[in-house]
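Asks: Sequence plus the predicted model coming up.
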Amino acid sequence: MTAFRPYAGAMDDASMVGLMGRVTGTVGPGLVGEVIVRVRGGAEHFLAYPAGGTGRIATGTVVMVVEYLPPRTVYVTAAYDS
């Protein structure tokens, strides 16, 4: 007998943390932003919040996932200084 899995595409926290994505909806305090991340052989959209809790991250910015809350929420930080 095999172990129960919530759904076939389930990912653990470690597999999402460190992945790069791009902001598709402004991320910032008081906002529910959106990012697209290449994962599971494709690209998926996730709700996004700023990892530091402050500062805005504009649309088009490359970000890195620093925390993942299943199933569709990530905390991100800008991948490069601007």
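Replies: Received it, and whenever you're ready, just let me know what you need.
Asks: what's around residue 31, how many residues?
Replies: By other Cβ atoms under 10 Å, the residues close to residue 31 number 14. (Each C-beta comes from the backbone N, C-alpha and C, glycine too.)
Asks: ignore the last one, residue 61
Replies: Other residues close to residue 61 by other Cβ under 10 Å number 19.
Asks: what about the residue lying closest to it once chain neighbours are set aside, which helix or strand?
Replies: Of all residues not flanking residue 61 in the chain, residue 23 sits nearest, at 4.7 Å (Cβ to Cβ, 6 or more residues apart in numbering). Take DSSP states H and E as the rule and residue 23 turns out to sit in strand 20-25.
Asks: ok, and for that strand, which residues are buried?
Replies: In terms of neighbour count (16 or more other Cβ atoms under 10 Å), strand 20-25 has its buried residues at 21, 23.
Asks: The helix or strand where residue 35 lies: what's the following helix or strand?
Replies: Per DSSP H and E: residue 35 is located in strand 33-39. Where DSSP H and E defines the elements, the next helix or strand beyond strand 33-39 is strand 42-50.
Asks: need the contact list for residue 33.
Replies: For residue 33, the contact set (Cβ atoms under 8 Å, 6 or more residues apart in numbering) comprises 23, 25, 26, 27, 47, 48, 49, 50, 57.
Asks: Bridge partners for the closest residue to the fifth one other than its chain neighbours, pull those for me.
Replies: Once its chain neighbours are removed from consideration, residue 47 has its nearest residue in residue 73; the separation is 4.8 Å (Cβ to Cβ, 6+ apart). The bridge-partner assignment for residue 73, based on DSSP bridges, gives residue 47, residue 69.
Asks: thought residue 73 was touching residue 49?
Replies: Yes. When contacts are counted by Cβ atoms under 8 Å, residue 73 is listed as touching residue 49 (7.3 Å).
Asks: In terms of packing, which of these two has more residues around it?
Replies: Using other Cβ under 10 Å, the more surrounded residue of residue 73 and residue 49 is residue 49, with 20 against 13.
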